[in-house]
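Trainee: just to be clear, the model below is a prediction. Sequence and coordinates:
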Amino acid sequence: MKYVLEEEYDYNFKLIGISCHAKDYRLAWAINKELGYRMEKEDYALDILSNNPLEASEHPVYSFYDEDEQNEYFLIGNRVGAGYLIPEQRQADFVFMIKASLPVDLIKETTNLRKIALVLTAFEIDVAKLKSKKNLIF
């Protein structure tokens with residue numbers, strides 16, 4: 001008899017793609033300044049492994065926990081060298097993830113991100129349609 005372990009992940013988060021030519025720390029600083037967040041760089045990065053060691057990538061993560069709304073915000077580098085965290089979203093240089101306890105107005109968040117001078121554009125990403133959504137589980 002053979003047993004198969006099937007994993008079910010909880011994709012209970014919202015995603016916004018950000019196109020921006022600035023470095024990750026500059027964008028995190030601009031988000032903090034314009035939106036009043038206190039994002040800080042995490043000690044870890046998201047590692048995406050590949051069969052080819054030259055294609056492995058390490059994506060920086062910045063986070064902020066809003067105690068009032070009990071929501072977590074993450075700024076994650078999507079494009080690092082030749083590697084992508086979400087390959088089907090190559091137009092996004094960064095991914096802004098919101099893990100919300102309370103409802104979040106995604107249109108308002110996207111509009112606020114677009115107002116930042118460093119941001120070229122920001123757009124909603126449908127998590128359910130992503131083939132590589134497992135890369136976002138951490």
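Mentor: Received the coordinates, thanks.

Trainee: helix, strand, or coil at residue 15?
Mentor: strand (DSSP: H, G, I helix; E, B strand; the rest coil).

Trainee: so what strands line up beside the worst-scoring helix or strand of the chain on mean pLDDT?
Mentor: One helix or strand of the chain scores below all others by mean pLDDT, DSSP states H and E: strand 83-84, with a mean of 84. If you go by DSSP bridges, strand 83-84 pairs up with strand 79-80 (antiparallel).

Trainee: is it fair to say residue 28 lies in a helix?
Mentor: Yes: per three-state DSSP, residue 28 lies within a helix segment.

Trainee: verify the stated contact: it with residue 41.
Mentor: Yes: counting by CB atoms under 8 Å, residue 28 does reach residue 41; the two are 7.1 Å apart. For every residue, glycine as well, the C-beta is placed using N, CA and C.

Trainee: what comes into contact with stretch 92-109?
Mentor: When contacts are defined by CB atoms under 8 Å, 6 or more residues apart in numbering, stretch 92-109 is touched by residues 12-21, 24, 27, 69-79, 85-86, 89, 113, 122-125, 136.

Trainee: how about 7 Å then?
Mentor: Residues outside stretch 92-109 that contact it (CB atoms under 7 Å, 6 or more residues apart in numbering): 12-20, 27, 69-79, 85-86, 113, 124, 136.

Trainee: secondary structure element holding residue 43?
Mentor: Per DSSP states H and E: residue 43 is located in strand 40-48.

Trainee: run the chain-centre distance for that strand.
Mentor: The chain centre lies 11 Å from the centre of strand 40-48; the measure is CA atoms, centre = their mean, to the nearest Å.

Trainee: show me what that strand is packed up against.
Mentor: strand 57-66 (3 or more CB pairs under 7 Å, 6 or more residues apart in numbering; DSSP states H and E).

Trainee: which strand residues bridge the residue positioned nearest the centre of the chain?
Mentor: In the chain, the residue lying closest to the centroid (CA atoms, centre = their mean) is residue 95, at 3.1 Å. For residue 95, the beta-bridge partners under DSSP bridges are residue 17, residue 76.

Trainee: now swap in the one 4 residues further on and tell me
Mentor: Beta-bridge partners recorded for residue 99 (DSSP bridges): residue 72.
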